[in-house]
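*Asks:* Build me a structure from this.
(chains A and B)
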Amino acid sequence: MKLPQKLVQRAVQVGFLLSLLLAWHLLTATGMVNPLILPTVPSVWKEFTLLVASGSYWPHLRITLYEYFVAISIAIPSGLVIGYLVSRSRYAIRVFDPLFSSLYAVPLIILLPVYILYFGLGPGSKMAVGATIGFFPVVLNTIAGFGTVDPLYVTAARSMGATGTQMFRHVMVPAAFPVVLTGMRIGLILAFLSILGTETIVSLSGLGHQIVTLGELLKTSAMFAYIAFAIIFSFLLNWVVSTAEAKGRRHAP
Amino acid sequence: MNSRDAAIKITDVSHAFGTEGDQRRVVALEHSTLDVARGELLSLIGPSGCGKSTLLNIIGGLLSASHGAVTINGQPVRGPLPKSVAYVFQENALFPWRTVIQNIELALTFQGAQGKDRSRDAYEALEAVGLADFADHYPSQLSGGMKQRCQLARALSLKTDILLMDEPFGALDEQTRMVLGEDLSVLLARTGKTIVFVTHSLSEAVFLADRVAVFTARPGRIKKVISVDEAHPRQPDFMTSPKLSALRNELYELLHDEIRKTMIGTGEVVESTPAPARRAHR
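*Replies:* Next comes the predicted model:
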């Protein structure tokens, strides 16, 4: 019963996407829409296969990935360390948790002009945006994860004579892990989205920059091919990160 | 009782939560004195909030008493004593991210054991409670009764002289707790451990214990200690015997007024019984 239901769901999802594609094709193939505004499906497909086969996406993707890895290697460790330190004291949680939550609710992209001023138009400002936006879900979930470990686990471990280090390693970390992992998933995804988005606003290079450049040159087929490429890459990243999270959460408290 | 035979000596222990002068300060336990003999199974019973779990935590060194002293094997208790005292908690205190056997191995690690003895000891403890086939299951895959068996195995694996149990069957259904109670009696008769056992169930208290300490409503004091003179392991038919019924009824009478007192305090019962008759007079 379960498997067919899942198959039906998948079929509906695929059908929905295909019908969008079909509508697009019908609109453009009949000449109802100017191909400069919306290119035909075959022309985008041709550009897409060309860009994948030639590897011409690589110089752009490489920049974006470089910005991304720098951003997350700032956002995740700092989120984990600061979150853990805050979670150590009830007082610090009361002070910093609302503070971080409020900042997280602000559209932090408004900091972009500041970052451009400090770090320039190049990758530096993208890293700063990605690191800032990726930091908050990590820090908030780390506070939540370590701050809400069931006291019974701690009491039980204490009654068995656990030392401070053992308590951290065998009780606190595994108990907090699933919640922290969710924060990391959200941080990893948001950092990527914000970097890609920022590249389309102001940049000198990267995947987002390439999309904007092609648009400005009115090479709409190639632009759509790059958009498709960026979407597929984001899907893949989300899938990898979500799968890792699901694996890590298997025996959540 | 000769004090040298006492595994646990509780001398004039009082405990309050909150600092003095604070309006929310709650005196949970007052001037309790009690000795637990080596190899004895003592049951603590009383209304909710009477401080019986507090007393258990003070004995185990998880809580330090506001006043009074507890000694274990003649040594004053100043903190957890993992080599002498093991716990079985009411709720599921197993670590859900570890399998059954890994839970027990971790307890042994915490206690300070090393090497391959650990997995052998862990496995033996699981066999003793009949859970050997479930060694590689995760706690979430076990029923409530099996989880408590696993907790018991974890406590037994630590090979302590003293076992403290805080309503270990509190969250289980009547039939499961009946079977577990019988098994526990057999198992514990073999080990000869000193056990302090908190429960809400009158029949469970009488069925398992050598002595039952009855607490008053909060602030809890020991109202009376009743002896159950019956050899271990207790047979299933002891549950239906007139002796058990008589003791159970005695406990009921001792507890009844105390429980009413607690309920009035919380507003769950408006007046003492019989309320309907009073209304008729108005």
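
*Asks:* From B:N249, how far off is B:K243?
*Replies:* To B:N249, B:K243 is 11 Å away according to C-beta to C-beta, to the nearest Å. To be clear about C-beta, it is placed using only N, CA and C from the backbone, and glycine gets the same treatment.

*Asks:* Quick check: buried residues in the helix or strand containing B:L251?
*Replies:* Here B:L251, judged by DSSP states H and E, is contained in helix B:242-266. For helix B:242-266, the neighbour count (16 or more other C-beta atoms under 10 Å in any protein chain shown) marks B:244, B:247-248, B:250-251, B:254-255, B:258-263 as buried.

*Asks:* Then stretch B:113-127?
*Replies:* Judged by neighbour count using 16+ other C-beta under 10 Å, the buried positions of stretch B:113-127 are B:113, B:118, B:121-123, B:125-126.

*Asks:* Okay, and which of those residues map to helices?
*Replies:* Within these, residues falling in helices by DSSP state H are B:118, B:121-123, B:125-126.

*Asks:* Tabulate the residues you listed (CSV), appending distance to chain A and pLDDT.
*Replies:* Converted to CSV, these look like this (distance: C-beta to the nearest C-beta, whole Å; pLDDT from 0 to 100):
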residue, distance to chain A, pLDDT
B:R118, 13, 84
B:D121, 14, 87
B:A122, 13, 89
B:Y123, 18, 89
B:A125, 13, 89
B:L126, 17, 91
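
*Asks:* and which of those residues is nearest B:T191?
*Replies:* The closest of these to B:T191 turns out to be B:A125 (C-beta to C-beta; 10.9 Å).

*Asks:* Tell me who's in contact with the closest one.
*Replies:* B:104, B:153-154, B:156-157 (C-beta atoms under 8 Å, 6 or more residues apart in numbering or on different chains).

*Asks:* what stretches of the stretch 151-253 of chain A score poorly on pLDDT?
*Replies:* A:251-253 (pLDDT under 70).

*Asks:* Alongside chain B, which residues does it contribute?
*Replies:* Applying C-beta under 8 Å from any C-beta of the partner chain, we find that the stretch 151-253 of chain A lies next to chain B at A:152-153, A:155-163, A:166, A:170-171, A:174-175, A:177, A:251-253.

*Asks:* about what we covered before: which residues sit against the helix holding B:L251?
*Replies:* B:45-50, B:202-203, B:205-207, B:212, B:214-218, B:223-224, B:226, B:228, B:230, B:238, B:269-273.

*Asks:* Quick check: phi and psi on the residue in chain A positioned nearest to chain B?
*Replies:* Nearest to chain B in chain A, going by C-beta to the nearest C-beta, is A:G161, at a distance of 3.0 Å. With angles defined as degrees, to the nearest 10, A:G161 sits at phi 90, psi 20.

*Asks:* what residues are up against it?
*Replies:* A:G161 makes contacts with B:80, B:82-83, B:110-112, as judged by C-beta under 8 Å, 6+ apart.

*Asks:* what's the answer for B:M178, then?
*Replies:* Contacts of B:M178 (C-beta under 8 Å, 6+ apart): B:M239.

*Asks:* any idea of the pLDDT on it?
*Replies:* Note on B:M178: pLDDT of 85.

*Asks:* Buried residues, the helix or strand in which it is found. List them.
*Replies:* Remark: B:M178 resides in helix B:174-191, with elements defined by DSSP H and E. Buried residues in helix B:174-191, counted by 16+ other C-beta under 10 Å: B:176-178, B:180-185, B:187-188.

*Asks:* for chain B, what spans make up the strands?
*Replies:* Using DSSP state E, the strands assigned to chain B run over residues B:6-17, B:26-37, B:41-45, B:67-72, B:75-76, B:85-88, B:162-166, B:194-198, B:211-215, B:222-227.

*Asks:* I'd like those as a markdown table, with distance to A:A222 and mean pLDDT appended.
*Replies:* Shown next, in a markdown table, are the strands of chain B (distance: least, C-beta to C-beta, whole Å; pLDDT from 0 to 100):
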| stretch | distance to A:A222 | mean pLDDT |
| --- | --- | --- |
| strand B:6-17 | 71 | 88 |
| strand B:26-37 | 73 | 86 |
| strand B:41-45 | 79 | 92 |
| strand B:67-72 | 79 | 90 |
| strand B:75-76 | 81 | 90 |
| strand B:85-88 | 68 | 93 |
| strand B:162-166 | 70 | 93 |
| strand B:194-198 | 74 | 92 |
| strand B:211-215 | 81 | 91 |
| strand B:222-227 | 86 | 88 |
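
*Asks:* Put together CSV for these, with distance to chain A and mean neighbour count on each row.
*Replies:* Output for the strands of chain B, formatted as CSV (distance: least, C-beta to the nearest C-beta, whole Å; neighbours: other C-beta atoms under 10 Å in any protein chain shown):
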stretch, distance to chain A, mean neighbour count
strand B:6-17, 15, 20
strand B:26-37, 17, 19
strand B:41-45, 17, 26
strand B:67-72, 13, 17
strand B:75-76, 15, 10
strand B:85-88, 5, 26
strand B:162-166, 8, 23
strand B:194-198, 14, 25
strand B:211-215, 22, 24
strand B:222-227, 24, 15
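
*Asks:* Contact partners for B:A65?
*Replies:* B:A65 makes contact with B:13-15, B:29, B:58 under the criterion C-beta under 8 Å, 6+ apart.

*Asks:* Could I get the phi/psi values of it?
*Replies:* Per degrees, to the nearest 10, the backbone of B:A65 is at phi -70, psi 150.

*Asks:* So the residue lying closest to B:F17 once chain neighbours are set aside versus B:A37, what's the distance?
*Replies:* The spatially closest residue to B:F17, leaving aside those adjacent along the chain, is B:V26, at 4.8 Å (C-beta to C-beta, 6 or more residues apart in numbering or on different chains). Going from B:V26 to B:A37 by C-beta to C-beta gives 31 Å.

*Asks:* Equivalent analysis for A:L36, please.
*Replies:* In terms of C-beta to C-beta, A:L36 sits 95 Å off from B:A37.

*Asks:* Repeat that for A:Y84.
*Replies:* From A:Y84 over to B:A37 the distance is 47 Å, taken as C-beta to C-beta.

*Asks:* just B:A246 next, same as before
*Replies:* Distance from B:A246 to B:A37, by C-beta to C-beta: 23 Å.

*Asks:* before we move on, the earlier item: from the contacts of B:A65, which two are the most distant?
*Replies:* Pairwise distances across the contacts of B:A65 peak at 9.9 Å for B:S14 and B:I58 (criterion: C-beta to C-beta).

*Asks:* what sits opposite B:T194 in the beta ladder?
*Replies:* Assessed by DSSP bridges, B:T194 has beta-bridge partners B:I162.

*Asks:* isn't it right up against B:G39?
*Replies:* Yes. Using C-beta atoms under 8 Å, B:T194 is in contact with B:G39, at 5.9 Å.

*Asks:* residues in contact with residue 71?
*Replies:* Looking at chain A here, since you left the chain open. If a contact means C-beta under 8 Å, 6+ apart, then A:A71 has A:126-131, A:134, A:191, A:195 as its contacts.

*Asks:* that's the other chain; I wanted chain B
*Replies:* Neighbours of B:T71 in contact, by C-beta under 8 Å, 6+ apart: B:8-9, B:11, B:77.

*Asks:* what do you get if the cut-off is 7 Å, keeping everything else the same?
*Replies:* Residues in contact with B:T71, defined by C-beta atoms under 7 Å, 6 or more residues apart in numbering or on different chains, are B:9, B:77.

*Asks:* And for B:G145?
*Replies:* So B:G145 contacts B:172, B:176, B:180 (C-beta under 7 Å, 6+ apart).

*Asks:* try 8 Å
*Replies:* B:G145 makes contact with B:172, B:176-177, B:179-180 under the criterion C-beta under 8 Å, 6+ apart.

*Asks:* Verify the stated contact: B:I72 with B:A7.
*Replies:* Yes. Counting by C-beta under 8 Å, B:A7 is a contact partner of B:I72 at 6.9 Å.

*Asks:* between the two, what contacts are shared?
*Replies:* Joint contacts of B:I72 and B:A7 (C-beta under 8 Å, 6+ apart) are B:I162.
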